[in-house]
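Engineer: Got a predicted structure plus its sequence, pasted below:
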Amino acid sequence: MSECEGQQHAHLDTLMQGYSEALAAHGVDGVLLYSGHPARHFGDDQHASFAAYGHFVHWTGQAQLARSWLLVRPGKPPTLYFHAPADFWHLPARLPEEPWVDRFRVEARETSAPPALPPGRFAVLGDVSDGVAQAMGAEANPPGLVAALNELRVSKSDYEVSCLRRANRRAMAGHRAARRVFEGGGAELDIQLAYLGGARQRESELPYPNIVGLNAHGGVLHYQHYDTVAPEKRRSLLLDAGVRHRGYCADITRTWSGPDSAGEFTPLIEGVTSLQQRLIADLAPGVDFAALHRRMHEGLAALLVEQRLVNASTEAVLESGLTRVFCPHGLGHLLGVQVHDVAGLVDANGQPLQPPVEHPALRLTRELMAGMVVTIEPGLYVIPMLLAPHRHRAEVNWKRVERLADHGGIRIEDNVLVTAAGPDVLTPKET
């Protein structure tokens, strides 16, 4: 048995133990997980991109497996009702040669209808209506149980960490390929295609649509297009791109200067990168992530002053709220079988936690614990829409800021495992 196989067996043992305890605590005999199904475009036989329900993926790693059901009952092997109809229009789904398949009872089915449940009290989780669940004699998505199962995904097993590490290696191979094309003068589409080739993953399987922003497009936080013609001036590239491996996601962002960048831009990239490394070094169990987010803003204030984008003290910049104009998003989030993984806005008991009023975009507000995998992604952007209401501020060096407007912005993002011994950066260093 390989190390990965052994890790997956241990992962399944831990998962079954956790489910058994959660089901018992909520008075449920078992749970039926629906993988979900892709939405069909109106008036057509084509479907939208699809990702399976997270708790289904947690067991199987099958993020593309649609119309399938997984029955989990304590003390019994999980039963996978596997949708694999005979079809000549599409290649039927196939299961991988992985340890979990041998540990499950697998029933291939032509139908995608839910299976009959055995006697007892059951919950059905996923994209399932109350009416469907009631017809089965079950309850759909009971909040308390869902919250308990969400919490099981917060601390990653050795197997999950191995998958995340592998996803990061593949994603970084894609980043290196994309950077070469950027430096060669390619358009956004060329850079995207190079990334896919380097990462060896098709676009529909990515954990999220890659963000490939040349020049000012890097200041659109979720920029969603790929220009087919390269710009005349190559000032910058912001590439936010990931990979999914056995269901687990990498989420990496890099920003590079182009040959036509302003002189101020490269020092800003270096400053954001240095800040990111300091924040990573502070990761440890018990750290309040919201406090770490505020520390990011302290670092951004110091960088704005150091690079003469703002002529004021660091304290004055921070108090004025200008750092939120230059960086409107959160420091990071939990990562796992979903890019923005579950349970980032609740405490360990499932009670809701709210982001700070002044930082509403923060997706992770709880204390860190060993086994969490988080992204750390400070950014600094020149976004005209956000800057416009502040044009009256004399302390802002508008000439210097405007020279950066065509560069969009900077984001540096790595994926990090929190451990008692210190942060374990899963993202390979660039070479």
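Structural biologist: Sure thing, it's come through. Just so we're clear, the structure is a prediction, and the values are computed from it rather than from any experiment. Residues are numbered from 1 along each chain as shown.
Engineer: From residue 233, how far off is residue 160?
Structural biologist: According to C-beta to C-beta, to the nearest Å, residue 160 stands 43 Å off from residue 233. Yep, even glycine has a C-beta here, placed from its N, CA and C like the rest.
Engineer: Please say which of those two ends up with more neighbours.
Structural biologist: When residue 160 and residue 233 are compared on other C-beta atoms under 10 Å, the one with more neighbours turns out to be residue 160, at 25 against 13.
Engineer: distance between whichever strand or helix holds residue 402 and the chain's centre?
Structural biologist: For residue 402, the element it lies in under DSSP states H and E is helix 398-403. For helix 398-403, the gap between its own C-alpha mean and the chain's C-alpha mean amounts to 33 Å (C-alpha atoms, centre = their mean, to the nearest Å).
Engineer: Ok, stretch 241-252 next?
Structural biologist: 8 Å.
Engineer: and if you look at stretch 184-195?
Structural biologist: With C-alpha atoms, centre = their mean, you get 23 Å for stretch 184-195.
Engineer: Same question for stretch 260-269.
Structural biologist: The mean C-alpha position of stretch 260-269 is separated from the chain mean by 28 Å, C-alpha atoms, centre = their mean.
Engineer: Any idea how far apart the tips of that stretch sit?
Structural biologist: End-to-end span of stretch 260-269 (C-alpha to C-alpha, to the nearest Å): 15 Å.
Engineer: which stretches of the stretch 101-250 of the chain aren't confidently modelled?
Structural biologist: For the stretch 101-250 of the chain, applying pLDDT under 70 flags no range at all.
Engineer: so where do the helices sit in it?
Structural biologist: 130-135, 143-152, 158-183, 188-199 (DSSP state H, counting those that start in this stretch).
Engineer: wait, which of those is closest to residue 113?
Structural biologist: Set against residue 113 and scored by C-beta to C-beta, the helices of the stretch 101-250 of the chain come closest in helix 130-135, at 9.4 Å.
Engineer: Just list what that closest one packs against, helices and strands only.
Structural biologist: Using 3 or more C-beta pairs under 8 Å, 6 or more residues apart in numbering; DSSP states H and E as the contact test, the elements touching helix 130-135 are strand 122-125, strand 139-140.
Engineer: if we look at it, which residues are touching it?
Structural biologist: Helix 130-135 has contacts (C-beta atoms under 8 Å, 6 or more residues apart in numbering) with 114, 123, 124, 139, 140.
Engineer: Among those residues, which one sits closest to residue 403?
Structural biologist: For those, the nearest to residue 403 is residue 140 (55.0 Å; C-beta to C-beta).
Engineer: The closest one pairs with what?
Structural biologist: Under DSSP bridges, the beta-bridge partners of residue 140 are residue 124.
Engineer: Quick check: buried residues in stretch 378-385?
Structural biologist: Residues 378, 379, 380, 381, 382, 383 are the ones in stretch 378-385 that count as buried (16 or more other C-beta atoms under 10 Å).
Engineer: Could you check how far the third one is from residue 105?
Structural biologist: The gap separating residue 380 from residue 105 is 52 Å, by C-beta to C-beta.
Engineer: go on, the second one?
Structural biologist: Spatial separation of residue 379 from residue 105 under the definition C-beta to C-beta is 47 Å.
Engineer: what's the answer for the fifth one, then?
Structural biologist: When distance is defined by C-beta to C-beta, residue 382 is 57 Å away from residue 105.
Engineer: Check the burial of residue 102 by counting its neighbours.
Structural biologist: 11.
Engineer: Determine which of the helices of the stretch 101-250 of the chain approaches residue 365 most closely.
Structural biologist: Using C-beta to C-beta, the nearest of those to residue 365 is helix 143-152, at 14.6 Å.
Engineer: is it fair to say residue 33 lies in a strand?
Structural biologist: Yes - counting by DSSP: H, G, I helix; E, B strand; the rest coil, residue 33 falls inside a strand.
Engineer: Bridge partners for it, pull those for me.
Structural biologist: Beta bridges link residue 33 to residue 70, residue 125, judged by DSSP bridges.
Engineer: same question, residue 415
Structural biologist: residue 375.
Engineer: Within its local environment, how many residues does it see?
Structural biologist: When neighbours are defined as other C-beta under 10 Å, residue 415 has 25 of them.
Engineer: In this structure it contacts residue 250, no?
Structural biologist: Yes - when contacts are counted by C-beta atoms under 8 Å, residue 415 is listed as touching residue 250 (6.2 Å).
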